[in-house]
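> the sequence and its predicted three-dimensional model are supplied below.
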Amino acid sequence: MPVAPRRRIGEDQESAQAIRFTLLGPVRAWRGEAELPLGPRQQRLILAALLAGAGRPVPLTELIGLLWDGDPPVSAVNAVHRYVGSLRRLLEPGLPARSSGRWLVGQAGSYLLRVDADGLDLLRFRDLVRQARAAGATGDLPAAVDMYLEALGLWQGHCAEDLGAVAAVHPAFAMVEHEYAPVVCEVATAALGCGRAGSVLLPVRQAADRCPLDEALQASLLLVLAADGKQAEAIRLYQSIRTRLSDELGVDPGAELRAAHQSVLRGSPAEPRGPAAAGSAAPPAASLPRSRPPWIEPAQLPPDLPFFTGRERALDQALDTANRVGDGLRVLAVDGIPGVGKTALAVHFAHRVAADFPDGQLYTDLGGFAAHGNPADPSEVLHGFLEALGVDRHRIPASVEARSALFRSVLSGRRVLVVLDNALDADQVRPLLPGTPECMVVVTSRSRLIGLATAHGARLLSLDVPSVAEATACFLRRVGPARTDVGTAVVEEIVARCGRLPLALAIVAARAASRPEQPLTRLAAELAAAQGSLEGFDEDDRANALRGVFSWSYRTLGAEAKRVFCLLPLHRASDISTAALASAAGISRGAAATAAGELVRARLLDVRGRDRYGAHDLVLAYAAELDCAGKADRSAAPRRSYVHSRRSARPVARPLPGRADAHLEEWAL
């Protein structure tokens with residue numbers, strides 16, 4: 001059983017007892033000398049996520065995603081609350097509900113587990129590493145080696161290894177796991193600097209076996225083996241690593257590994273680097289510079305929109321995500337209906353924070369909802385990114401998995417911003433994610449990328465139409481200061497006719513700016529005359545016209561979803577339930593729910609509440625223009641809806657004679 005200093009529960013608990021937790025290996029807990037039964041796997045997963053948070057609040061949504069991988073049941077929230085309640089009873093027996101000494105604290109949609117270095121091996125590991133680095137910086141390498149070895153001794157396996165495959169892929173655990181290998185390289189550096197290679201050979205060898213494609217670890221092992229008198233084994237190891245890199249990634253060893261090999265062949269140490277070498281007679285051979293291609297700082301962001309205004313709340317949320325350094329890879333996934341301004345927000349935000357990513361900014365349009373052609377192949381995108389980062393095209397491997405691994409390796413330790421615009425789904429994005437917290441990724445999509453939140457801790461930001469004030473400011477800024485007829489009433493009417501949709505506002509504002517002689521009242525009248533259609537939003541550039549933009553989503557639908565979409569304008573209410581949708585289309589509720597889900601993913605339908613859906617007025621206008629519902633459907637749908645309305649209304653209240661039924665009859669005709 002791992003030994004760790006003990007932490008005591010809050011002072012107000014009469015029977016305070018020591019509790020300690022382990023996460024660096026199997027997830028376990030002890031009160032005193034007695035190990036606690038942590039319950040079923042899902043309960044242990046919640047505890048592990050709270051431990052990985054190490055005193056940081058863990059959002060309820062993150063726990064739900066961890067437990068159900070993007071497909072939570074309706075009862076997910078209640079289930080998490082039950083598991084948390086069980087953990088509280090286990091950790092805090094007899095503690096009052098409002099006690100200040102609680103271990104498990106709920107706060108604003110999240111949970112926090114109060115732990116410190118005396119009660120959690122992860123925090124003890126981090127403390128020891130900090131102390132070791134401080135000792136190395138002062139030249140006390142033997143003390144640094146001892147503290148590094150004590151820290152590595154806390155690892156009893158992979159992080160949360162008893163919880164199955166999710167522990168290997170979930171970002172909360174993956175980022176903890178990523179802390180292990182760099183510390184092994186550091187202890188090798190310190191040991192080589194003070195002649196203690198033999199004392200670190202075992203942990204370095206174990207780490208190299210655990211991460212066979214980590215070139216920094218393999219280079220450290222080569223040098224430690226040679227320093228311990230095992231030069232022949234080091235040479236054989238290099239040949240084995242070179243073959244494995246070629247077979248699995250299609251690449252040759254990088255500069256760091258090659259330099260370590262040359263050092264072994266020469267029998268000479270490598271050039272020293274960093275504070276660990278201070279005061280040592282022999283320079284530390286394991287401290288070679290990391291392998292890098294000739295670095296190019298890409299600056300691929302499109303120009304910022306000169307008319308961008310508003311969106312302060314969304315920008316604040318994006319900036320909050322950018323500021324979460326050290327909590328794992330930062331991913332912001334922006335979704336919303338067509339034309340709502342997702343790309344404009346992402347590009348504006350990217351320019352705003354570009355200075356925080358001095359190693360470059362990458363951008364690509366993934367074409368998930370493109371006017372022509374298929375969505376971008378992640379493999380081709382990776383090829384372009386790697387070339388932009390200075391990797392020779394002849395060193396770029398063939399498979400998407402190998403390219404993704406190389407991409408992560410190239411970006412390791414770099415501060416790069418990656419903007420992935422117009423993604424189709426999470427599967428298209430996953431191979432394009434860096435692996436370290438120094439980087440940040442901004443993704444836009446019409447789909448809500450729940451899979452990224454589940455597997456990679458992405459923050460989901462759903463973009464709605466701007467407020468009236470923001471939409472008005474956007475329109476006025478676009479039409480320019482030259483116009484003098486920008487009275488409040490006429491501008492408000494134009495904004496309302498556009499449904500506050502940014503793309504519609506941009507089209508109308510561009511028309512107003514290009515026709516300064518035409519009064520805005522005439523433009524408002526044209527929009528009023530076109531009410532119920534998209535005639536007022538035509539544009540020469542069809543790729544940016546509303547019909548074209550909506551059509552990209554429509555083309556992704558299946559046949560049944562297309563039919564349901566075309567029936568939506570026949571429903572007069574502001575929203576519709578699954579049952580009403582099923583009645584209007586003459587299909588089962590299951591089929592209606594499937595179609596509604598498909599429409600929501602394409603962002604042609606919005607969730608308005610529990611089992612309530614609605615669509616933007618201009619989206620409904622597009623559906624009406626398609627006229628893709630057959631004559632029989634157009635005739636039958638209102639009557640079916642009328643029958644559904646009568647049946648669903650009867651249990652609630654009796655209609656007033658001659659009034660409610662008469663109104664429904666008129667609507668159904």
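On my side now, so go ahead.

> what separates Arg311 from His348, distance-wise?
The spacing between Arg311 and His348, counted by CB to CB, to the nearest Å, is 8 Å. Every residue, glycine included, has its C-beta placed from N, CA and C.

> ok, and the nearest residue to Ala585 once chain neighbours are set aside, which helix or strand is that part of?
Closest residue to Ala585 apart from its sequence neighbours, by CB to CB, 6 or more residues apart in numbering: Val564 at 5.2 Å. Under DSSP states H and E, the secondary-structure element containing Val564 is helix 559-567.

> so what pLDDT did the residue most central in space within the chain get?
In the chain, the centroid-proximal residue (CA atoms, centre = their mean) is Ala458; its distance is 2.2 Å. If you check Ala458, the pLDDT there is 87.

> ok, it touching Leu452?
Yes - with contact defined as CB atoms under 8 Å, Ala458 reaches Leu452; the gap is 3.8 Å.

> between the two, what contacts are shared?
Between them, Ala458 and Leu452 share these contacting residues under CB atoms under 8 Å, 6 or more residues apart in numbering: 331, 333, 443.

> just give me the neighbour total for the first one.
Look at Val331: counted by other CB atoms under 10 Å, it has 26 neighbours.

> what ranges does the stretch 301-450 of the chain have for its helices?
For the stretch 301-450 of the chain, applying DSSP state H, counting those that start in this stretch gives helices covering 312-322, 342-353, 378-388, 400-411, 426-429, 450-456.

> can you redo those as CSV with distance to Ala208?
Putting the helices of the stretch 301-450 of the chain into CSV (distance: least, CB to CB, whole Å) gives the following:
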stretch, distance to Ala208
helix 312-322, 35
helix 342-353, 37
helix 378-388, 26
helix 400-411, 16
helix 426-429, 31
helix 450-456, 27
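
> between these, which gets nearest to Gly65?
helix 450-456 (3.6 Å; CB to CB).

> right, and the helix or strand after that closest one?
The helix or strand immediately downstream of helix 450-456 is strand 459-463, counting by DSSP H and E.

> packing partners of the helix or strand just after that next one?
Sequence-wise, the next helix or strand downstream of strand 459-463 (DSSP H and E) is helix 468-479. Counting contacts by 3 or more CB pairs under 8 Å, 6 or more residues apart in numbering; DSSP states H and E, helix 468-479 packs against helix 488-497, helix 502-514.

> contacting residues around helix 468-479?
Contact partners of helix 468-479, identified using CB under 8 Å, 6+ apart, comprise 307, 309-311, 465-466, 486, 491-492, 494-495, 498, 500, 502, 505-506, 508-510, 512-513, 520.

> residue contacts, Leu527?
Counting by CB under 8 Å, 6+ apart, Leu527 makes contact with 493-494, 497-498, 508, 536.

> and the helix or strand encompassing Leu581 with helix 559-567, angle?
Using DSSP H and E, Leu581 sits within helix 578-585. Per axes from the mean of the first three to the mean of the last three CA atoms, to 10 degrees, the angle that helix 578-585 makes with helix 559-567 is 90 degrees.

> show me the strands in the stretch 1-150 of the chain, by range?
Secondary structure of the stretch 1-150 of the chain (DSSP state E, counting those that start in this stretch): strands at 7-8, 18-22, 28-31, 34-35, 58-59, 104-106, 110-113.

> which parts of the third one count as buried, going by neighbours?
Within strand 28-31, the residues that count as buried by 16 or more other CB atoms under 10 Å are 28-31.

> give me the contacts around that strand.
Contact partners of strand 28-31, identified using CB under 8 Å, 6+ apart, comprise 1, 17-22, 35-36, 38, 47, 91.

> can you map out the helices along the stretch 1-150 of the chain?
Going by DSSP H, counting those that start in this stretch, the stretch 1-150 of the chain shows helices at 41-53, 60-68, 76-91, 121-137, 141-152.

> tell me the contacts of Ala322?
So Ala322 contacts 330, 332, 353, 356, 440 (CB under 8 Å, 6+ apart).

> ugh, typo on my part, it should be Ser514
By CB under 8 Å, 6+ apart, the contact set of Ser514 is empty.

> next: Val490.
So Val490 contacts 520-521, 524 (CB under 8 Å, 6+ apart).

> now, among the buried residues of strand 28-31, which is nearest to Arg196?
The nearest member of the buried residues of strand 28-31 to Arg196, counting by CB to CB, is Arg28 at 31.6 Å.

> buried sites along stretch 27-40?
Applying a neighbour-count criterion of 16+ other CB under 10 Å, one finds 27-31, 38 buried in stretch 27-40.

> just the C-alpha atoms of it, please, in CSV.
Extracted in CSV, the C-alpha atoms of stretch 27-40 (Å, rounded to 0.1, in the frame of the first residue of the first chain):
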residue,chain,number,x,y,z
VAL,A,27,-7.8,4.7,-7.7
ARG,A,28,-7.9,3.9,-4.0
ALA,A,29,-8.6,5.6,-0.6
TRP,A,30,-7.9,4.9,3.0
ARG,A,31,-9.2,6.1,6.3
GLY,A,32,-6.4,5.5,8.7
GLU,A,33,-5.1,2.1,7.9
ALA,A,34,-8.4,0.8,6.6
GLU,A,35,-9.0,0.9,2.8
LEU,A,36,-12.4,2.3,1.8
PRO,A,37,-14.7,0.4,-0.6
LEU,A,38,-15.2,3.0,-3.4
GLY,A,39,-18.3,1.4,-4.9
PRO,A,40,-19.3,0.7,-8.5
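
> what mean pLDDT does it get?
Averaged across stretch 27-40, the pLDDT comes to 88.

> pull out the buried residues from the contacts of helix 468-479.
Burial by neighbour count, judged by 16+ other CB under 10 Å, picks out 307, 309-311, 465-466, 486, 491, 494-495, 498, 500, 502, 505-506, 508-510, 512, 520 from the contacts of helix 468-479.
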